[in-house]
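J.: structural data only, the sequence is not supplied:
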């Protein structure tokens, strides 16, 4: 069994969110209202920057940052659920029962997940957390403004992490409203907090059998995509990546992928990065091997980065 690279991890993480079998815990229940899909319209890089600027108006902060809602109990509860999921999958392996690739990933990489949870606890001490500006209204009321910023980034990128896109997003926000030094430092840990939320949910679904990847092997692309998107937290891009990478389907085009759009601009010598409609129109010429074209463009993108 191998550990997945960063891009695969981002794709898997965006599969993870909520399960109605969740146990109630006093402080953890405070986040129950947040257990909606961390998913919204998928934005291009330019639209994402515009959203960051407009987000400032929606993020009014309290006059006293010390009056906020704690996140640490939720972190501890997430750790408990992930550990229980890991033990359940490990037991299935010992009993020589078949497990899914996603379950295999969790077993192979649980030590990384556990390390991230420890770092979150260590890097978010109560004194530092109390000083972070807190949101005065909205569905994240009482939580840090930077946590809301990370939530918006994850929601509008389908949980895909690209460092440059994140930098542009934060810069755009600060053109309107500068963040505190503490908030800038907390951007990375806030992203980890949100992604761990995703991870918890898929782990629960794997253990509860709510996802059945083996059944996808013989299903049509549209059926697989529809089944996956029904799961809170899974977007169109994530479903397409699963079809392309996990199932090896030859005619899948991951709509809205920023790396593909950038490589397509270079390959087609376009003046601007193409929008979704332009990408789809160009990709039509590559049927029935659009997935092959996508892989070639990804390689071209990575080669250009080097």
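T.: Sure thing, it's come through. In this text, all values refer to a predicted model and were calculated from it rather than measured experimentally.
J.: please identify the helix or strand for residue 150.
T.: helix 145-155 (DSSP states H and E).
J.: and that helix, what's its mean pLDDT?
T.: The average pLDDT for helix 145-155 rounds to 91.
J.: how far is that helix from where the chain is centred?
T.: Between the centre of helix 145-155 and the centre of its chain there are 11 Å (CA atoms, centre = their mean, to the nearest Å).
J.: what packs against it?
T.: helix 45-58, helix 163-176, helix 181-208 (3 or more CB pairs under 8 Å, 6 or more residues apart in numbering; DSSP states H and E). Heads up, the C-betas are built off the backbone N, CA and C, glycines and all.
J.: can you tell me which of those is most buried?
T.: The highest average neighbour count among the helices and strands packed on helix 145-155, using mean count of other CB atoms under 10 Å, belongs to helix 181-208 at a mean of 21.
J.: next, the angle from that helix to helix 163-176.
T.: In terms of direction (axes from the mean of the first three to the mean of the last three CA atoms, to 10 degrees), helix 181-208 departs from helix 163-176 by 130 degrees.
J.: pLDDT score for residue 50?
T.: In this model, residue 50 carries a pLDDT of 91.
J.: neighbours of residue 297, just the number please.
T.: By other CB atoms under 10 Å, 21 other residues sit near residue 297.
J.: helices of the stretch 201-306 of the chain, start to end?
T.: In the stretch 201-306 of the chain, the helices defined using DSSP state H, counting those that start in this stretch lie at 213-216, 221-229, 236-241, 258-267, 276-283, 290-305.
J.: and for the first one, what's in contact with it?
T.: Where contact means CB atoms under 8 Å, 6 or more residues apart in numbering, the residues beyond helix 213-216 that reach it are 98, 100, 101, 102, 224, 227, 246, 247.
J.: which residue comes closest to residue 128 once chain neighbours are left out?
T.: residue 182 (6.6 Å; CB to CB, 6 or more residues apart in numbering).
J.: most tightly packed of the helices of the stretch 201-306 of the chain?
T.: Most buried of those, by mean neighbour count (mean count of other CB under 10 Å): helix 236-241, with a mean of 22.
J.: between the two ends of stretch 282-301, what distance do you get?
T.: End-to-end distance for stretch 282-301, by CA to CA, to the nearest Å: 17 Å.
J.: output the contacting helices and strands for the helix or strand where residue 115 lies.
T.: Taking DSSP H and E as the criterion, residue 115 maps to helix 101-123. Counting contacts by 3+ CB pairs under 8 Å, 6+ apart, helix 101-123 is packed against helix 6-13, helix 72-94, helix 181-208.
J.: lowest average pLDDT across those?
T.: Among the helices and strands packed on helix 101-123, helix 6-13 scores lowest, at a mean of 36.
J.: hmm, back to that, distance of the residue nearest to residue 128 relative to residue 77?
T.: 25 Å (CB to CB, to the nearest Å).
J.: cool, and residue 268?
T.: Counting by CB to CB - residue 268 and residue 77 are separated by 48 Å.
J.: residue ranges with poor pLDDT in the stretch 151-300 of the chain?
T.: Under the criterion of pLDDT under 70, the regions of the stretch 151-300 of the chain flagged as low confidence span 159, 209-212, 231-233.
J.: quick one on the thing from earlier: which one of residue 268 and residue 77 has more residues nearby?
T.: Between residue 268 and residue 77, counted using other CB under 10 Å, residue 77 has the larger neighbour count: 20 against 10.
J.: from memory residue 265 sits against residue 273, does it?
T.: Yes: between residue 265 and residue 273 there is a contact under CB atoms under 8 Å: 4.9 Å.
J.: helix or strand right after the helix holding residue 115?
T.: Assignment by DSSP H and E places the next element after helix 101-123 at helix 126-131.
J.: what comes up buried for that following helix?
T.: For helix 126-131, the neighbour count (16 or more other CB atoms under 10 Å) marks residue 129 as buried.
J.: re earlier: save the helices and strands packed on helix 101-123 as CSV, and put in distance to residue 241 too.
T.: Formatted as CSV, those follow (distance: least, CB to CB, whole Å):
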stretch, distance to residue 241
helix 6-13, 5
helix 72-94, 22
helix 181-208, 14
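J.: closest to residue 142 out of those?
T.: helix 72-94 (12.4 Å; CB to CB).
J.: what packs against that closest one?
T.: When contacts are defined as 3+ CB pairs under 8 Å, 6+ apart, helix 72-94 packs onto helix 101-123, helix 181-208.
J.: quick revisit: now the helix holding residue 115: mean pLDDT?
T.: pLDDT averaged over helix 101-123 gives 86.
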